[in-house]
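Colleague: predicted model follows, preceded by the sequence.
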Number of protein chains: 2
Amino acid sequence: MSAPKGPSLFQCIIGLKDIFQAHAGADKKLNKTELKEMLKGELSQTGDDAMVSQMMQTLDVDRDGLLDFSEFLLFVVGMACAFNGQTFQR
Amino acid sequence: MSAPKGPSLFQCIIGLKDIFQAHAGADKKLNKTELKEMLKGELSQTGDDAMVSQMMQTLDVDRDGLLDFSEFLLFVVGMACAFNGQTFQR
């Protein structure tokens, strides 16, 4: 099996942690503004507030109005499944 | 927020898909041998067969003896949470 030329699995996993921590700030959670900034900075997604609110609503499992790392990973898993041609049921 | 110097979120997500597809082969699932090879190639983890069997047992939600992409992502989420200093409950 030839290894793909992108980041290694280790780099991907550490990358997810570092990206979340860079955007989440001191409280270690993403609020709507931070989520919007991350989407723009990381995925060039300039979603409007309604889209960001919808995302927060979908991902915010404990309903505290913020995304912790596990909830952020739900987003990552959903995106990865979409890119892999699958739908993802939480 | 200064963007971390590692891969972008987009590169991480695509990287996870590419790494899984490179190791999973034509059936798009990881068997024990492919899982063992991936751990060795991607994470320099030369786990013995017992450890690989234990991992398969934990991650193989649909009990078909193989890991599909969603089940592989469970492994990624568990590792990411561990690196983030959290435990992960499935």
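Modeller: Good, I have the coordinates.
Colleague: tell me where chain A is predicted with low confidence.
Modeller: Scanning chain A for pLDDT under 70 picks out the ranges A:1-4, A:87-90.
Colleague: which residue ranges form the helices in it?
Modeller: A:9-24, A:32-43, A:49-59, A:69-83 (DSSP state H).
Colleague: can you list those in CSV and add mean neighbour count?
Modeller: Yep, even glycine has a C-beta here, placed from its N, CA and C like the rest. As requested, the helices of chain A are exported to CSV (neighbours: other Cβ atoms under 10 Å in any protein chain shown):
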stretch, mean neighbour count
helix A:9-24, 22
helix A:32-43, 18
helix A:49-59, 14
helix A:69-83, 20
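Colleague: want to throw the ones you listed into TSV with distance to B:Thr46?
Modeller: Shown next, in TSV, are the helices of chain A (distance: least, Cβ to Cβ, whole Å):
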stretch	distance to B:Thr46
helix A:9-24	15
helix A:32-43	33
helix A:49-59	36
helix A:69-83	26
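Colleague: go through those helices and name the closest to B:Ala50.
Modeller: helix A:9-24 (21.6 Å; Cβ to Cβ).
Colleague: A:Ile13 contacts B:Ala82, correct?
Modeller: No: contact between A:Ile13 and B:Ala82 fails when scored by Cβ atoms under 8 Å: they sit 9.1 Å apart.
Colleague: identify the residues contacting A:Cys12.
Modeller: Neighbouring residues of A:Cys12 by Cβ atoms under 8 Å, 6 or more residues apart in numbering or on different chains: B:7, B:11-12, B:15-16, B:19, B:76.
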